[in-house]
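Student: need coordinates for the following:
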Amino acid sequence: MYEKRSIWDKIWLVMKGLAMGAANKVPGVSGGVVAFVAGFYEEFIYSLQKINRKAFKLLFNGRYKSFFKYINGQFLGLLFLGMVISYFSVSKILDYLIVHYELYVWSAFFGMIVGSIYYMAKDYGEWNRKHLGDLLFGIIAGLSISFLEPATQNGNLFFVFFCGIIGVSGMTLPGLSGSFILILLGNYVLLLVDSVNALFDTLADLVNGDTSFLTDPARIQLLKVLIVFSLGSLVGLVSLSHLLAYVLKRYKKATYAVIIGFITGSLGVVWPWKNKKFEYDESGNILYDANGAAIIKDYERFWPSEFTLQTFWAILFIIVGILIVLSLDWYQKHRTPRNG
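Tutor: Predicted coordinates:
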């Protein structure tokens, strides 16, 4: 069912996983868009769909090779390897770039999403009235989510599990940013910053033979939160993939129209020119996360009033973002005949 991969294709797949992992961590950017533009979205969804009753039956009966082949394990394994590496490397670099070069990072993301819209729309085919209606629905949905007010942080484990189910949506639904959804739910810092840092610190302690963290209630609670969030993400990933595989098989053009509209409607989330609106405590002081960074509640978007050097570089990075997506399109066109 699935094509054989050369060593370079395997390395490239890990790189795609790196890109998905980095995208999933950035509010407003969807890892699903990376999968869509890089040409492996449908294989990703259909592979996840294979994690079902038959797969577990093969696993529990000790038929590991059959299980691995049935779920397209090589593809999923390499992709998830890239995502894991990303969370401890690329995403850290991305965090640094956002802090020090925020305008240019958002400009590049904005350009990549504009390029993604073009990429998906150019081969769509004929647009009829129904599909234009689906497109409009997607745009309205994207705009609506973009301007919702964020909730406050909630560390209840049942709610954290729910956040995992919802937060993973960015991997399966192009245009829907899982990180942005976590911001709306109020748990972005808790789940994607504090708990991940707690895991990183714990692994570093274990490497150094230090087990003092076992007596640290705050660290243990963050690790519990990360485990529950991961379980919720796994449940969400599998369940959403089954739903999407069903929808893609029966309503492919309508689904793509909604996705294109949704991505277009959510462009405001990654608009480069915006001012931060910080989270404050009851005393009026700015709240900070575990890394000492101010917690951002929302953004106030604006249009640049002057054409400065900074504006020039921002526009240039938008163009670079568009070209990155177009280069992926070029890669897919030249790669397909070789594998065919």
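Student: stretch 202-210: which residues count as buried?
Tutor: For stretch 202-210, a neighbour-count test (16 or more other C-beta atoms under 10 Å) marks Thr202, Asp205 as buried. Bear in mind the C-beta positions are built from the backbone N, C-alpha and C, glycine included.
Student: so for it, mean pLDDT?
Tutor: For stretch 202-210, mean pLDDT is 89.
Student: starting at the chain centroid, how far to that stretch?
Tutor: 29 Å (C-alpha atoms, centre = their mean, to the nearest Å).
Student: now swap in stretch 30-43 and tell me
Tutor: A distance of 10 Å separates the centroid of the chain from that of stretch 30-43, by C-alpha atoms, centre = their mean.
Student: pull the residues that contact it.
Tutor: 2, 13, 16, 19-21, 23-24, 44, 72, 75, 79, 112-113, 115-116, 119-120, 170-178, 248, 259, 263, 325, 328-329, 332 (C-beta atoms under 8 Å, 6 or more residues apart in numbering).
Student: filter the residues you listed down to the buried ones.
Tutor: Neighbour counting with 16+ other C-beta under 10 Å marks 13, 16, 19-21, 23-24, 44, 72, 75, 79, 112-113, 115-116, 119-120, 170-178, 248, 259, 263, 325, 328-329 as buried within these.
Student: the helices in the stretch 151-300 of the chain, which residues?
Tutor: 157-167, 169-172, 178-185, 188-189, 195-207, 217-250, 252-265 (DSSP state H, counting those that start in this stretch).
Student: can you give me the strands in this protein?
Tutor: 274-278, 296-301 (DSSP state E).
Student: select from those the stretch with the lowest mean pLDDT.
Tutor: Among those, strand 296-301 carries the lowest mean pLDDT, at a mean of 70.
Student: what is the burial count for Ile183?
Tutor: 23 (other C-beta atoms under 10 Å).
Student: again with Ala254
Tutor: 18.
Student: and the nearest residue to it once chain neighbours are set aside, how close does it get to Ile113?
Tutor: Nearest non-adjacent residue to Ala254, counting by C-beta to C-beta, 6 or more residues apart in numbering: Asp134, 4.9 Å away. Look at Asp134 and Ile113: by C-beta to C-beta, to the nearest Å, they are 19 Å apart.
Student: same thing with Tyr280?
Tutor: Distance from Tyr280 to Ile113, by C-beta to C-beta: 30 Å.
Student: and if you look at Ser66?
Tutor: Look at Ser66 and Ile113: by C-beta to C-beta, they are 40 Å apart.
Student: with Ala121 instead?
Tutor: As judged by C-beta to C-beta, Ala121 and Ile113 stand 12 Å apart.
Student: and for Gly73?
Tutor: Taking C-beta to C-beta, one finds Gly73 at 31 Å from Ile113.
Student: just Leu199 next, same as before
Tutor: 30 Å.
Student: could you do Leu192 as well?
Tutor: Going from Leu192 to Ile113 by C-beta to C-beta gives 20 Å.
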